[in-house]
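Colleague: sequence-free structure coming up:
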């Protein structure tokens, strides 16, 4: 590892040279066909020293030595420098008629401890580097971020959060840092294919896709210190309804829908200085739509002819959140049914919070809110509602001391009950609206509880009005 620093191996075939070490290592490999497959390469320099890399490539070529990959380390605050180094090294290999995979076996913001490793700049930097390198790298090339977690020497010190790790050390509660969330989002994008749209510096975009092109991943980064509004133009897409999950930071996500006609659409994105947005577009089944709660011809609502689920990441143990939408019934003759469930999920596990059902209690019809353990429930009597009109429904979760209280309001009727939440990071809030063709829903939103009305649009975790434009009437 980094022979130019540790041991100070010269790039020569002298007795203490790195070329001698590499040659003798290759010759010492056993010729045993029963060995499991493995790769061997080098020189893992601390930086892209082209002069030394040329010596190494020339030596392995001349002596017919096995070279499965060429490795080096890269640390730059400027993401564009990673691209320049990879291109230059591929040119060195091509000059020797080689297509050897390139491995960046360490990469990050800086070889020294740097404050970006613990801030959203590190999150942006990770997305920017991967976006810029994606069109340059071949499928066999590899990137290895340094490192998994901060070392113990930082724990308890003033610099404990400035280490290279994607996680803090367990002495500092082993928490994910911003760069980890970037890798988490990258892992969820489809990477079967790659589309590189035209980019106008300082905006850069990369689009990934699956084989059927009904799932797209977009990363758009702002490499400048100014606010920019680039327009991303996508073509040759299947027509239909597409869902967009948009993340502007590692803790927020917005859900929206768009009708794609003429096999194309344009997307304008507002980007703050040194920021990135991750969008995952996926073609969805068509909404079953009804007229919206206004008289506008372009206002639509969602009919629950089938079940729909909506999800958004939220901070661990949030101080509170609010979910609200409008609700209308097509009939006043109701049968017992479940309207919705709220739950939290993380790492493949799910924790129910509460559910709202219509039913009968002692022959009295009403809507019943029950917590996950069904140890507590409250009801709203049916005769206090006007089912045929649009009714506002809100569901708020607030923390009081160590406990949480869920409050539901339906057409000015309010009920509350205690609920429990898991103490976990990387939580996702899930709302499931259950199938009932007699129910229409409109203007669904989820936001932090304390957000003010003037700041609402910028703080929404999820927003869906089910309006996808006049051209979508075909759906």
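Modeller: Cool, the structure landed. Keep in mind that what you see is a predicted model, and the values were worked out from it rather than measured. Numbers count the residues shown, from 1 in each chain.
Colleague: from here on, contacts and neighbour counts on C-alpha atoms
Modeller: Will do.
Colleague: Which stretches in the stretch 151-300 of the chain count as helices?
Modeller: Applying DSSP state H, counting those that start in this stretch to the stretch 151-300 of the chain gives helices spanning 178-187.
Colleague: how close does the most centrally placed residue in the chain get to residue 280?
Modeller: The chain has residue 185 as the residue nearest its centroid, 2.8 Å off, counting by CA atoms, centre = their mean. Plainly put, residue 185 is 9 Å away from residue 280 if you go by CA to CA, to the nearest Å.
Colleague: What of residue 19?
Modeller: 46 Å.
Colleague: could you check the distance from the closest residue to the residue nearest to the centre of the chain other than its chain neighbours over to residue 204?
Modeller: Nearest non-adjacent residue to residue 185, counting by CA to CA, 6 or more residues apart in numbering: residue 278, 7.6 Å away. For residue 278, the distance to residue 204 equals 12 Å [CA to CA].
Colleague: who touches both of those two?
Modeller: Each of residue 220 lies in contact with both residue 278 and residue 204 under the rule CA atoms under 8 Å, 6 or more residues apart in numbering.
Colleague: And the two? Which one has more around it.
Modeller: residue 278 (25 against 21; other CA atoms under 10 Å).
Colleague: Would you check that the more buried one makes contact with residue 254?
Modeller: No - the pair residue 278 / residue 254 is not scored as a contact, 10.6 Å apart, by CA atoms under 8 Å.
Colleague: List the residues that are in contact with both of these two.
Modeller: Counting by CA under 8 Å, 6+ apart, the common neighbours of residue 278 and residue 254 are 246, 247.
Colleague: is it fair to say residue 81 lies in a helix?
Modeller: Yes - assessed with DSSP: H, G, I helix; E, B strand; the rest coil, residue 81 lies in a helix.
Colleague: That one: how many residues sit nearby?
Modeller: Residues within reach of residue 81, counting by other CA under 10 Å, total 15.
Colleague: do the same with residue 40
Modeller: Residues near residue 40, counting by other CA under 10 Å, number 12.
Colleague: and the closest residue to residue 416 other than its chain neighbours, how far is that from residue 359?
Modeller: Of all residues beyond its chain neighbours, the one nearest residue 416 is residue 407 (4.2 Å), with distances taken as CA to CA, 6+ apart. The gap separating residue 407 from residue 359 is 19 Å, by CA to CA.
Colleague: repeat for residue 322
Modeller: Distance of residue 322 to residue 359, given as CA to CA: 25 Å.
Colleague: Settle it for me: which of those two has more neighbours?
Modeller: Counted by other CA under 10 Å, residue 322 and residue 359 do not tie: residue 322 has more neighbours, with 21 against 18.
Colleague: Just confirm that one is within a strand.
Modeller: Yes - the assignment for residue 322 is a strand, going by three-state DSSP.
Colleague: Which helix or which strand is home to the closest residue to it other than its chain neighbours?
Modeller: Distance criterion CA to CA, 6+ apart; nearest residue to residue 322, sequence neighbours excluded, is residue 396 at 4.3 Å. For residue 396, the host element (DSSP states H and E) is strand 391-400.
Colleague: Name the surrounding residues that touch stretch 91-109.
Modeller: Contacts of stretch 91-109 (CA under 8 Å, 6+ apart): 44, 54, 57-58, 61, 67-77, 86, 90, 116-117, 122, 125-126, 138, 140-147, 164.
Colleague: give me that answer again for 7 Å
Modeller: The contact list for stretch 91-109 (CA atoms under 7 Å, 6 or more residues apart in numbering) reads 54, 68-77, 140-146.
Colleague: Measure how buried residue 330 is and give me the count.
Modeller: Residues near residue 330, counting by other CA under 10 Å, number 14.
Colleague: May I ask you to confirm that it is in contact with residue 441?
Modeller: No - contact criterion CA atoms under 7 Å: residue 330 and residue 441 do not qualify, at 11.2 Å.
Colleague: Contacts only, for the residue nearest to residue 116 when sequence neighbours are not counted.
Modeller: Nearest residue to residue 116, sequence neighbours excluded (CA to CA, 6+ apart): residue 122, at 4.8 Å. Shown in contact with residue 122 (CA under 7 Å, 6+ apart): 116, 178, 179.
Colleague: For residue 269, see how far away the last one is.
Modeller: Spelled out, that is residue 179. Distance, residue 179 to residue 269, by CA to CA: 22 Å.
Colleague: what do you get for the first one?
Modeller: Here residue 116 is placed at a distance of 24 Å from residue 269 (CA to CA).
Colleague: Who has more neighbours out of these two?
Modeller: Comparing residue 116 with residue 269 by other CA under 10 Å, the one with more neighbours is residue 116, at 22 against 14.
Colleague: which regions of the stretch 251-400 of the chain sit below the pLDDT cut-off?
Modeller: Along the stretch 251-400 of the chain, segments meeting pLDDT under 70 span 251-252, 257-263, 284-287, 315-319, 347, 373-376.
Colleague: And the strands in it?
Modeller: 252-260, 264-268, 276-283, 289-291, 300-304, 308-314, 320-329, 337-346, 349-361, 364-371, 377-381, 391-400 (DSSP state E, counting those that start in this stretch).
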